[in-house]
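Peer 1: okay, predicted coordinates and the sequence, questions at the end:
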Amino acid sequence: MSQMIPFVDGMKLKGKHVLLRLDLNVPISGEGEKAKIEDDTRIVEALPTIKYCLEQGAYLVICSHLGRPDGKVNKKYSLEPVAAYLAKALESEVLLSEDIVGDGVHQMARQNKGIVLLENLRFNPGEESNDHGFIRGLARLCDVYITDAFGTAHRKHASTYGVPSVISDCGAGFLMKKEITFLDKLIHLPAHPYVLV
């Protein structure tokens, strides 16, 4: 199989601070205490990679976008309900950091021995503009970068394109592995007759 970066199950993660880029862009109704996740499929699909990283002794900083807040803080698009969901699903504390980059979140990520979830990446205009300062801020949080956000992997954003360009130790999670394995077979070993619609 052709691959450019290793998959998570072939990486050394023990004691490493891992920035895990996920696609947690789930539909949420209501706001604040009334917020409710309407479809948890994307979170459920991310759990195997999260659990594996934790089992291997990694310290996780999880990041994702949610909706289109256009580079501004908008509580409608907060990842707070996702943090609560993850805490319950993983039976572990998940710290939600309102600061996405900066000294405060850097200290939180480096001192934490569990899971930190960054607030919606798109609250910062640097995410979609692939800003160098924002990239460096995210890269400071980790030793290792892993992406499992197949749905956004094509975007030239800071968290999907910029960070892996400055972090030498990068890999892909189980969801990406599944998609790449499937596509690799279609490209290199297609069953015949082969029909493309």
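Peer 2: That came through, no problem. Numbers count the residues shown, from 1 in each chain.
Peer 1: list the contacts of Leu22.
Peer 2: 42, 46, 49-50, 62-64, 148-149, 173 (CB atoms under 8 Å, 6 or more residues apart in numbering). Glycine gets a C-beta too; all of them are placed from N, C-alpha and C.
Peer 1: number of nearby residues for Leu47?
Peer 2: By other CB atoms under 10 Å, the residues close to Leu47 number 16.
Peer 1: could you do Asp39 as well?
Peer 2: 10.
Peer 1: could you shift the numbering so residue one becomes 22, and keep it that way?
Peer 2: Noted, 22 is the first residue going forward, which turns the last one into Asp60.
Peer 1: tell me the SS of it?
Peer 2: Classification of Asp60 into helix, strand or coil gives coil, according to DSSP: H, G, I helix; E, B strand; the rest coil.
Peer 1: now Ala79, nearest residue through space, not along the chain?
Peer 2: Spatial nearest neighbour of Ala79, chain neighbours left out: Leu34 (4.1 Å); criterion: CB to CB, 6 or more residues apart in numbering.
Peer 1: quick one: least confident helix or strand in the chain?
Peer 2: Confidence across the helices and strands of the chain bottoms out at helix 195-209, with a mean of 68, counting by mean pLDDT, DSSP states H and E.
Peer 1: next one: phi and psi at the residue nearest the centre of the chain?
Peer 2: Among the residues of the chain, the one closest to the centroid is Arg42, at 1.8 Å (CA atoms, centre = their mean). Dihedral angles of Arg42 (phi, psi; degrees, to the nearest 10) stand at phi -90, psi 110.
Peer 1: please name the bridge partners of it.
Peer 2: Beta bridges link Arg42 to Cys84, Thr168 when assigned by DSSP bridges.
Peer 1: from Val126, how far out is it?
Peer 2: Here the distance between Arg42 and Val126 works out to 15 Å (CB to CB, to the nearest Å).
Peer 1: on that earlier part again, check contacts around the residue nearest to Ala79.
Peer 2: With CB under 8 Å, 6+ apart as the criterion, the residues that contact Leu34 are 74, 77-79, 165.
Peer 1: equivalent analysis for Leu139, please.
Peer 2: Leu139 makes contacts with 82-85, 100, 118, 121, 126, as judged by CB under 8 Å, 6+ apart.
Peer 1: okay, Lys55: pLDDT?
Peer 2: The predicted structure scores Lys55 at 87 on the pLDDT scale.
Peer 1: oh, I was asking about Met22
Peer 2: Value listed for Met22 in the pLDDT field: 34.
Peer 1: same thing with Phe171?
Peer 2: Checking the pLDDT column for Phe171, the value is 82.
Peer 1: please report phi then psi for the spatially closest residue to Ala105 that is not a sequence neighbour.
Peer 2: The shortest distance from Ala105 to any residue that is not its chain neighbour, by CB to CB, 6+ apart, is 7.8 Å, and that residue is Val115. Note on Val115: backbone dihedrals following degrees, to the nearest 10 are phi -120, psi 110.
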